[in-house]
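# this one's structure only:
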Ligand SMILES: Nc1nc2c(c(=O)[nH]1)N[C@H]1C(S)=C(S)[C@@H](COP(=O)(O)OP(=O)(O)OC[C@H]3O[C@@H](n4cnc5c(N)ncnc54)[C@H](O)[C@@H]3O)O[C@H]1N2
Ligand code: MOO
């Protein structure tokens, strides 16, 4: 048995990978295309929002000191127009949501609380409960010069809206990572292809491409390469030449037919690390071939999925400029007791229900049915003690 100390802890392996991840070149993209990328520089507001004190309701702009009225309505102000004149004591302006208050006004009387008779306005309900009621103050959202999206933050939909409000039509981001997927193994046939005796359908490339679908990537599936060192080396060299990240799948372990590492060496690749203290995913390898980052994922489908979630997806985020590329963790109470953990951190397939997380399915790295029902990975650190039901455990959400 391989002694535990030769296995690299997960967090150390992630840190090493992120430390050597090269940044993709910067680009300016229209707002709609920038969604899901990471800001390459701070995005700074070019205007105040709101640009002035605005009404938040349809009603009347008044002076709070004039309550309880009555008032003389002297003007009408719609959104998109500026008030023509200030209002003086006893005066009110008809105003609509989003319109700027006239000088002198400090409060909005909502129309449901007002009675209008010609230009005469009286209080019909409770009226505003405070000075400044229903007024959105100038720059209460942001002021010109404020940072709207810090460099390295993911550009989520609300941030697209924020950038548009702040005066931006294009955003500084980084290019999409070109990912080449190379599956290896004599036993693999393409999905849907007829099976020769001894063969199975290759599942991992399609699964990983789907896992990356929400990330800024261009995925090329370079197909299945037989367990032949020279053929594998040729395929690796060809695929790496066109990719920012080459992902091999299978052949990462120690068997006589696990040829990825020797084939990578034949191509002149350097190996940064191999074998992680995790289950599944132990045989993961990481290295570089010229400017291309190389990740060698284990072939077992659950191992491939978990190492993709913990290493490939963070690598893509790091190359895309993310300041926090690692998957977020959430602490949830366990739905059932879990045993103590050995020298490899355990990533159990779990399902969240009623605010608790339950292990789901057979926990074997070759059995995909459990993962297919899972929406979380329950993280059990190496050497962690047994936990009773109700104890908290960290999870990564994978759904
Ligand atoms: N003596 C040892 N044997 C193994 C060790 C070890 O430390 N010593 N590690 C085990 C662990 S842990 C894993 S994980 C696997 C990973 O091995 P490989 O990366 O070399 O993967 P393969 O042998 O190529 O395949 C493993 C398994 O997965 C199936 N497979 C492969 N590719 C695909 C694909 N694209 N789609 C679906 N299924 C795939 C393959 O047929 C095998 O059944 O090694 C252990 N062995
Ligand atoms: O990494 Mo392996 O997945 O433990 O079977």
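That came through, no problem. Nothing here was measured: the structure is a model prediction, and the numbers come from that model. Ligands and ions are numbered 1, 2, ... in the order given.

# Report whether the one helix or strand residue 206 maps to contacts ligand 2.
Using DSSP states H and E, residue 206 maps to helix 204-211. No. Between helix 204-211 and ligand 2, judged by C-beta under 6 Å from any ligand atom, nothing touches; the nearest distance is 12.1 Å. To be clear about C-beta, it is placed using only N, CA and C from the backbone, and glycine gets the same treatment.

# Check which helices and strands that helix sits against.
With contacts defined as 3 or more C-beta pairs under 8 Å, 6 or more residues apart in numbering; DSSP states H and E, helix 204-211 has these neighbours: strand 177-184, strand 217-225, strand 245-249, helix 301-307.

# quick one: contacts of the third one?
The set of residues external to strand 245-249 that reach it, using C-beta atoms under 8 Å, 6 or more residues apart in numbering, is 177-184, 204-205, 208, 236, 239-240, 260, 264, 289, 292-297, 299, 304, 308, 312, 315-316, 319.

# what about burial for these, which qualify?
Taking 16 or more other C-beta atoms under 10 Å as the criterion, what is buried in those is 177-184, 204-205, 208, 236, 239-240, 260, 264, 289, 292-297, 299, 304, 308, 312, 315-316, 319.

# does residue 280 really touch residue 297, like I thought?
No. Using C-beta atoms under 8 Å, residue 280 is not in contact with residue 297, being 10.4 Å away.

# Identify the contacts common to those two.
303, 307.

# Not including adjacent chain positions, what is the nearest residue to the residue in the stretch 151-300 of the chain that ligand 1 sits nearest to?
Ligand 1 sits closest to residue 299 of the stretch 151-300 of the chain, with a gap of 2.6 Å, by C-beta to the nearest ligand atom. Taking C-beta to C-beta, 6 or more residues apart in numbering, and ignoring the residues beside it in sequence, residue 299 has residue 250 as its nearest neighbour in space, at 3.0 Å.

# and the chain, what are its domains?
With automatic domain parsing as the criterion, the domains of the chain are listed as 4-25+175-319, 29-46+152-173, 54-136, 330-397.

# could those be laid out in a markdown table, adding mean pLDDT and distance to residue 143?
Converted to a markdown table, those look like this (pLDDT from 0 to 100; distance: least, C-beta to C-beta, whole Å):
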| stretch | mean pLDDT | distance to residue 143 |
| --- | --- | --- |
| domain 4-25+175-319 | 96 | 30 |
| domain 29-46+152-173 | 98 | 7 |
| domain 54-136 | 97 | 13 |
| domain 330-397 | 97 | 34 |
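
# Nearest to residue 142 among those would be which one?
domain 29-46+152-173 (4.8 Å; C-beta to C-beta).

# Name the residues of the closest one that are buried.
29, 31, 34-40, 43-45, 152-155, 159-160, 162-163, 165-166, 168, 171-173.

# now stretch 256-271
Applying 16+ other C-beta under 10 Å to stretch 256-271 flags 258, 259, 260, 261, 263, 264, 266, 267, 269 as buried.

# same thing with stretch 57-65?
Of the residues in stretch 57-65, 57, 58, 59, 60, 61, 62, 63 count as buried by neighbour count, 16+ other C-beta under 10 Å.

# Could you check how far the first one is from residue 133?
Between residue 57 and residue 133 the distance is 9 Å, computed by C-beta to C-beta, to the nearest Å.

# shared neighbours, those two?
residue 108.

# Would you tell me which residues of the stretch 101-250 of the chain are close to ligand 1?
Checking the stretch 101-250 of the chain against ligand 1 by C-beta under 6 Å from any ligand atom, the hits are 183, 185, 187, 188, 200, 202, 203, 204, 249, 250.

# Tell me the bridge partners for the first one.
Beta-bridge partners for residue 183, by DSSP bridges, are residue 224, residue 249.

# Spell out which residues sit in contact with it, please.
202, 204, 205, 223, 224, 225, 248, 249, 250.

# among the residues you listed, which ones are buried?
Buried among these by 16+ other C-beta under 10 Å: 202, 204, 205, 224, 225, 248, 249, 250.

# nearest to residue 72, of the residues you listed?
For the buried ones among the contacts of residue 183, the nearest to residue 72 is residue 205 (74.6 Å; C-beta to C-beta).

# ok, so what distance separates residue 369 from residue 203?
Distance from residue 369 to residue 203, by C-beta to C-beta: 12 Å.

# Can you pick out the residue with more neighbours from those two?
residue 203 (17 against 13; other C-beta atoms under 10 Å).

# Just confirm that one contacts residue 299, I think it does.
No. Applying C-beta under 8 Å as the test, residue 203 and residue 299 come out as separate, 10.0 Å apart.

# residues from the stretch 151-300 of the chain in reach of ligand 2?
Residues of the stretch 151-300 of the chain lying near ligand 2 (C-beta under 6 Å from any ligand atom): 279, 280, 281, 282, 298, 300.

# Provide a list of residues in contact with the first one.
If I follow you right, that is residue 279. So, once contact is read as C-beta under 8 Å, 6+ apart, residue 279 ends up touching 342, 344, 345, 346, 347, 365.

# I'd like the distance between it and residue 12.
16 Å.

# And the fourth one, by the same measure?
In this structure, residue 282 and residue 12 are 14 Å apart, going by C-beta to C-beta.

# the more surrounded of these two?
For residue 282 versus residue 12, neighbours defined as other C-beta under 10 Å are more numerous around residue 282 (20 against 12).

# which secondary structure element contains that one?
Residue 282 belongs to no helix or strand, assigned by DSSP H and E.

# for the one 5 residues further on, same thing?
Secondary structure assigned from DSSP H and E places residue 287 in strand 285-289.
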